[in-house]
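> here are the coordinates; sequence isn't available:
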């Protein structure tokens with residue numbers, strides 16, 4: 001190669017956070033990957049399933065579960081950013097932890113625990129669900145809110 005000749009692009013594949021990007025010139029092409037669509041569960045591997053839901057009543061939920069793990073294990077994995085490659089990162093865990101620590105209401109119904117936090121900025125109702133508290137299996141962790149709060153997820157959710 002002679003001086004002055006173009007090197008060409010060195011493309012880095014798209015992720016849930018960034019479109020396909022040239023590592024040399026930062027040119028982008030396309031959009032970030034869409035791994036999640038509303039109301040369609042995604043297999044994260046090793047038994048983990050995650051889904052973003054929205055219903056006709058204006059409520060939004062995120063849930064992650066595993067039939068072979070406890071809820072405590074799932075929560076710990078979120079805390080340690082183990083699902084970051086799927087865009088489920090520190091912001092989702094932050095809100096779960098915030099609701100759990102600063103909750104204004106606590107209920108236990110069967111094997112489910114519900115924490116709620118009302119009046120948080122534009123979000124009127126925020127629930128953190130922690131499932132199957134006395135079990136080592138069928139773990140479930142979820143978050144519910146009533147406002148489309150996109151910063152909970154680090155990627156893009158398709159329609």
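Here it is on my side, so go on. None of the values given here were measured: they were computed from a predicted structure.

> going forward, measure contacts between C-alpha atoms and count neighbours the same way
Fine.

> May I ask which helix or strand of this structure has the lowest mean pLDDT?
strand 123-130 (a mean of 61; mean pLDDT, DSSP states H and E).

> next structured bit after that strand?
strand 139-145 (DSSP states H and E).

> For the residue nearest to the spatial centre of the chain, report the pLDDT, please.
Closest to where the C-alpha atoms of the chain average out (C-alpha atoms, centre = their mean) is residue 88, at 3.4 Å. For residue 88, the pLDDT comes out at 80.

> same check, this time on residue 39
Residue 39 carries a pLDDT value of 88.

> Would you mind pulling up the elements that the lengthiest helix in the chain packs against?
Secondary structure of the chain read by DSSP state H shows that its longest helix is helix 90-102. Helices and strands touching helix 90-102, by 3 or more C-alpha pairs under 8 Å, 6 or more residues apart in numbering; DSSP states H and E, are helix 71-79, strand 112-120, strand 123-130.

> Pull out the buried positions in that helix.
90, 91, 92, 93, 95, 96, 99, 100 (16 or more other C-alpha atoms under 10 Å).

> Likewise for stretch 79-88?
By neighbour count, with 16+ other C-alpha under 10 Å as the criterion, the buried positions of stretch 79-88 are 79, 81, 83, 86, 87, 88.
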